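Q: Kindly generate the corresponding structure for this input.
(one chain, ligands or ions: 1)
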Amino acid sequence: MKDQDITLVTAETLRNEILRHLKLSIGKDPSHASLYDWRMSLSLALRDRVVEPWFASTRKTYEGKHKRVYYLSMEFLIGRLIEDVTINLDVEEIAVQAMADLGQDYYKVVVDEPDAALGNGGLGRLAACFMDSLATLAIPAYGYGIRYEHGLFEQHFEGGQQTESAEGWLAQRHAWEFERPEVTYNIHFGGYVSEENGKSNWNPAETVLASAYDTPIVGWKGQWANTLRLWAAKPVKLFDLESFNRGDYIGANAPERLARTISRVLYPDDTTQDGKELRLKQEYFFTSASIKDLLRRFLAEGNKIEDLHEHVAIQLNDTHPAIAGPELVRLLIDKHDFNIDDAIEMARKCLGYTNHTLLPEALERWPEDLFARILPRHHRIIQMIQDRHLSATGSDIRIIEHGNVKMGELAFIIAHSVNGVSALHSELVKETVFADLHKAYPSRILNQTNGITPRRWLYSCNPALRNLITDTIGSGWAADLERLQNLNAHLDDTGFLQAYAAAKTTNKVRLAKWLKDRNDVTLDTSAMFDVQIKRIHEYKRQHLNILETIALWNEIRDNPTANWTPRVKIFGGKAAPGYVLAKSIIRLINDVAATINNDPVTKHLLQVVYPENYNVSMAEVLIPASDLSEQISTAGKEASGTGNMKLSLNGSPTIGTLDGANVEIRDHVGHENFFLFGLTAAEAQEKRTEHGYSRRAIEASPRLSRVLGQIGAGVFSNGDHHRYSDILHNLYEHDYFLVSCDFDEYFAKQREVDAVYLDVNRWTRMAAANTAGMGWFSADRTIRSYADQIWDAKSVT
Ligand SMILES: *Cc1c(COP(=O)(O)O)cnc(C)c1O
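A: Here you go, the predicted structure:
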């Protein structure tokens, strides 16, 4: 059968398909259909058009016996899918027309879709971008994760303070997924290991069912589609009838309650590790189901288990799925008669591990007694992996040490490849967290600098710039982003720069309207939109930004008639619910906003806005409208960043430190188009050895001293002197993240930004040079590099 030519769909056929779904799938008459009904019908009609390429892709993979990539990730931060799918199928105009013919506004329907937030931030969004690129490149792949009933919490501000409520993306039917009730695996926990005839048997105490839900992920132009398979936990025994008949109605539901908690909620801790037993169970739950599933598929194709590594590449997105190593070893020994050495060797050939953080508090480790209680067999296998590692290398680095099972060391030792996510980060991985293991395995650590999908993060979210680029350099760049370099030839063309500035203005007006509707705030769209959007964390230094804002406010008040550059400071981001200092920073930003925005002397020059509940959909509105990108983390702490890439690509020059991928962004867009400040990673490390560095830096900076004095005097807290004593104490006494040391240079660099911004032509050229230089940061480039250097996987074309 010939592949469906997706371009052949017309508005009329799509309209009929939508109507058919409204009637037959939703059961509604058009005259009574709600927005939800229309959204479901449109989504189902679009999903239909993905099914044919999806089947064709699966068929080709089977027929060609192509190697498959399995991307295991605890998080997938997918966002909405309607626009993503229409863009990838190249049917946006047709969808708009079809909905209009039905009397519906396509864009209203689009924003009615819940934002699927099965992740916290960058790590989960990376997994989603990778799925897009794998499909676009036609590399056979599965994403494996958890189908959380509740995604990341919703953030609200009450009196400027963050509060959280449960998110309910599955409260309504999820249009994109296919339930696979026949694809289930028993996942075991607890119990004990017995020995019999030299064989170990695991006698588990608890069992839950992992049940599959598949979402097709279609690539550019609908040429290929892969599967995102998410696991839901269900009870093995639905209902304990015996308890019920005894009159124990609560006990009768116990199996169900126990099972469902496993896929109930996403852990909202972004970087700190959480030692909860439930989290360990979640990790083992989805990893075990995924490994069993890929083995079943492999064997069903008639392959020999000895050839597993030639057909299967498994990538671990951080250590959360690191138990995949021992699980695969276990299954090879118990079900396929491997000996331990061969099983470890095979697991190693299949596994790659991506490290995402150097923060010591974020490196997962489990108390050994807890680990041995939940996974007794894996505990022993890990000891055997460790023994072989110790004797083969002579290294003294252990996986189990001081009563902890260290998942980073496990992942490193059991994988054939370990990668960092930016050039700087990968070097620091070699020098710091894994310095000793790097000596034992000197060729294991690679670098794979992160990337972003240009389909969602430019083509879809920024139609104004999309059209200008296509008019200027022709089409084809969305799947070959390095072509953006061709924009360089136009950087001195006044007509192009005017059109570029006009596109930016269009996006700023769109954001202003969005904020007006949502929060009833009015923005001056001629002001510079200065944007910092990301999780709230001390290392990302939102507090550096808000302290600089206060200093600027002071200076405008001191000299209100000077030639100031009007600015709107835009913040977005959530703090982990238990991260007290991050929540304090949120409150400070909101308090400062309340004060500054009401100051008649300055309010036309400086405004602070912080819309609540930052997520992918909000990012899609904010990023195209940004003029300045704040990437101001303490050098050496941000592994890569991907927000930095999205903003620069959309024509927002960076003010930033030499951290993560900022280093490579600066090299690609040109040093003259990047506002650099701050200590380097090496200088930062050096600085921390100086006794009392922060107090000295504060005392040496009249500007910063004044700001901290104002906060302490209650200027932003109605005279409450203590509201921010945690932040102040931290800055004076510890300041591990070196806010005090970078403050003056940051302030000075911001004034340079002000001056350049007043020169419209120069600024626009700089912004356009950012777009032109960012082609290398397409996730397509990243995935090609993983495929070549780690997976040995090929595109099927
Ligand atoms: C890209 C993205 C992130 C990552 O941002 P960083 O600035 O790299 O930390 C986090 N959250 C959302 C919603 C994103 O789209």
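Q: which element follows the helix or strand encompassing I78 toward the C-terminus?
A: Using DSSP states H and E, I78 maps to strand 76-79. Sequence-wise, the next helix or strand downstream of strand 76-79 (DSSP H and E) is helix 82-89.
Q: That following helix near the ligand anywhere?
A: No. Helix 82-89 does not reach the ligand (Cβ under 6 Å from any ligand atom); its nearest approach is 13.1 Å. (Glycine included, C-beta is placed from N, CA and C.)
Q: quick one: contacts of that helix?
A: 6, 39, 42-43, 46-47, 49-50, 92, 95, 109-110, 113, 132, 135, 218-222, 455-456, 459-460 (Cβ atoms under 8 Å, 6 or more residues apart in numbering).
Q: List the buried residues of it.
A: Judged by neighbour count using 16 or more other Cβ atoms under 10 Å, the buried positions of helix 82-89 are I82, E83, D84, V85, T86, I87, N88, L89.
Q: Closest one of those to K603?
A: E83 (35.4 Å; Cβ to Cβ).
Q: and whatever residue of the stretch 651-797 of the chain ends up closest to the ligand, what pLDDT?
A: The stretch 651-797 of the chain approaches the ligand most closely through G660 (8.0 Å), counting by Cβ to the nearest ligand atom. According to the prediction, G660 has pLDDT 98.
Q: so which helix or strand takes in the closest residue in space to it that isn't next to it in sequence?
A: Distance criterion Cβ to Cβ, 6 or more residues apart in numbering; nearest residue to G660, sequence neighbours excluded, is E638 at 3.9 Å. Per DSSP H and E, E638 falls between elements, in no helix or strand.
Q: dump the residue contacts of E638.
A: Y539, K540, Q631, D659, G660, N662.
Q: In CSV, list those residues along with neighbour count and secondary structure.
A: Below are these laid out as CSV (neighbours: other Cβ atoms under 10 Å; DSSP: H, G, I helix; E, B strand; the rest coil):
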residue, neighbour count, secondary structure
Y539, 18, helix
K540, 29, helix
Q631, 26, strand
D659, 29, coil
G660, 31, coil
N662, 27, helix
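Q: Quick check, S617 in contact with D115.
A: Yes. Counting by Cβ atoms under 8 Å, S617 does reach D115; the two are 4.6 Å apart.
Q: shared neighbours of those two, anything?
A: Common contact partners of S617 and D115 (Cβ under 8 Å, 6+ apart): G79, R80.
Q: okay, now whatever residue of the stretch 401-550 of the chain ends up closest to the ligand: neighbour count?
A: For the stretch 401-550 of the chain, the nearest residue to the ligand under the criterion Cβ to the nearest ligand atom is K534, separated by 3.5 Å. A count of nearby residues for K534, using other Cβ atoms under 10 Å, gives 25.
Q: Same question for D248.
A: D248: 13 neighbours (other Cβ under 10 Å).
Q: How about the one 10 residues further on?
A: Neighbours of L258 under the rule other Cβ under 10 Å: 15.
Q: who touches it in this structure?
A: E206, V208, P235.
Q: Any buried residues in the helix or strand containing it, and which?
A: Using DSSP H and E, L258 maps to helix 254-262. Using 16+ other Cβ under 10 Å as the test for burial, helix 254-262 gives P255, A259, R260, I262.
Q: The ligand contacts on this protein?
A: L77, G121, G122, R125, K534, N615, V616, A619, G641, T642, G643, K646.
Q: Just list the residues touching the residue in the chain that the ligand sits nearest to, thanks.
A: For the chain and the ligand, the shortest gap (Cβ to the nearest ligand atom) falls at G643, measuring 2.4 Å. Residues near G643 by Cβ under 8 Å, 6+ apart: G122, I533, K534, A619, S629, Q631.
Q: Out of those residues, list just those in strands.
A: Assigned to strands by DSSP state E, the following of those qualify: I533, S629, Q631.
Q: ok, D735 touching R696?
A: No. With contact defined as Cβ under 8 Å, D735 does not count as touching R696 (10.6 Å).
Q: Please tell me I have it right and S73 contacts P321.
A: Yes. Taking contacts as Cβ under 8 Å, S73 lies within contact range of P321: 7.2 Å.
Q: Overlap in contacts, the two.
A: Going by Cβ under 8 Å, 6+ apart, residues that sit against S73 and also against P321 are Y144.
Q: now the helices for the stretch 301-450 of the chain?
A: Applying DSSP state H, counting those that start in this stretch to the stretch 301-450 of the chain gives helices spanning 308-311, 324-336, 340-350, 368-374, 376-393, 407-414, 423-431, 435-440.
Q: ah, wrong one, I meant the stretch 51-200 of the chain
A: 82-89, 92-101, 106-112, 122-136.
Q: cool, the stretch 551-700 of the chain as well?
A: 580-596, 616-625, 643-649, 662-669, 681-687, 693-699.
Q: Of all the ones you listed, which one is nearest R518?
A: helix 616-625 (9.4 Å).
Q: ok, and what's touching the closest one?
A: So helix 616-625 is contacted by 77-80, 111, 115, 117, 125, 456-457, 460-462, 464-465, 504, 507-508, 510-511, 514, 529, 531, 533, 570, 572, 611, 643, 646-647, 650, 652 (Cβ under 8 Å, 6+ apart).
Q: Got a quick ChimeraX command for the buried subset of these?
A: Here is the ChimeraX command that selects only those of the contacts of helix 616-625 that count as buried (16+ other Cβ under 10 Å):
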select :77,78,79,80,111,115,117,125,456,457,460,461,462,464,465,504,507,508,510,511,514,529,531,533,570,572,611,643,646,647,650,652
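Q: re earlier: what average pLDDT does the strand holding I78 get?
A: Rounded mean pLDDT across strand 76-79 is 97.
Q: Identify the residues contacting L465.
A: L458, Y500, A503, K504, N507, P624, N650, G651, T771.
Q: same thing with L42?
A: I18, I82, A95, M99, Y106, V109 are the contacts of L42 under Cβ under 8 Å, 6+ apart.
Q: Tabulate the residues you listed (CSV), appending pLDDT and distance to S417.
A: Output for those, formatted as CSV (pLDDT from 0 to 100; distance: Cβ to Cβ, whole Å):
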residue, pLDDT, distance to S417
I18, 98, 46
I82, 98, 36
A95, 97, 41
M99, 98, 46
Y106, 98, 44
V109, 98, 43
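Q: any idea which of those is closest to D274?
A: Among those, and counting by Cβ to Cβ, the member closest to D274 is I82, at 33.6 Å.
Q: where do the strands sit along the stretch 651-797 of the chain?
A: Secondary structure of the stretch 651-797 of the chain (DSSP state E, counting those that start in this stretch): strands at 654-656, 675-676.
Q: Return the most buried member of those.
A: Compared across the strands of the stretch 651-797 of the chain, strand 654-656 shows the largest average neighbour count, a mean of 25 (mean count of other Cβ atoms under 10 Å).
Q: can you pick the most crowded of the contacts of L258?
A: That'd be V208 among the contacts of L258, by other Cβ under 10 Å, with 24 neighbours.
Q: What helix or strand is that one located in?
A: Applying DSSP H and E, one finds V208 within strand 206-218.
Q: Name the strands paired with whatever helix or strand comes next after that strand and say parallel or antiparallel.
A: Scanning forward in sequence from strand 206-218 by DSSP H and E, the next helix or strand is strand 225-235. As defined by DSSP bridges, the strand partners of strand 225-235 come to strand 141-146 (parallel), strand 206-218 (antiparallel).
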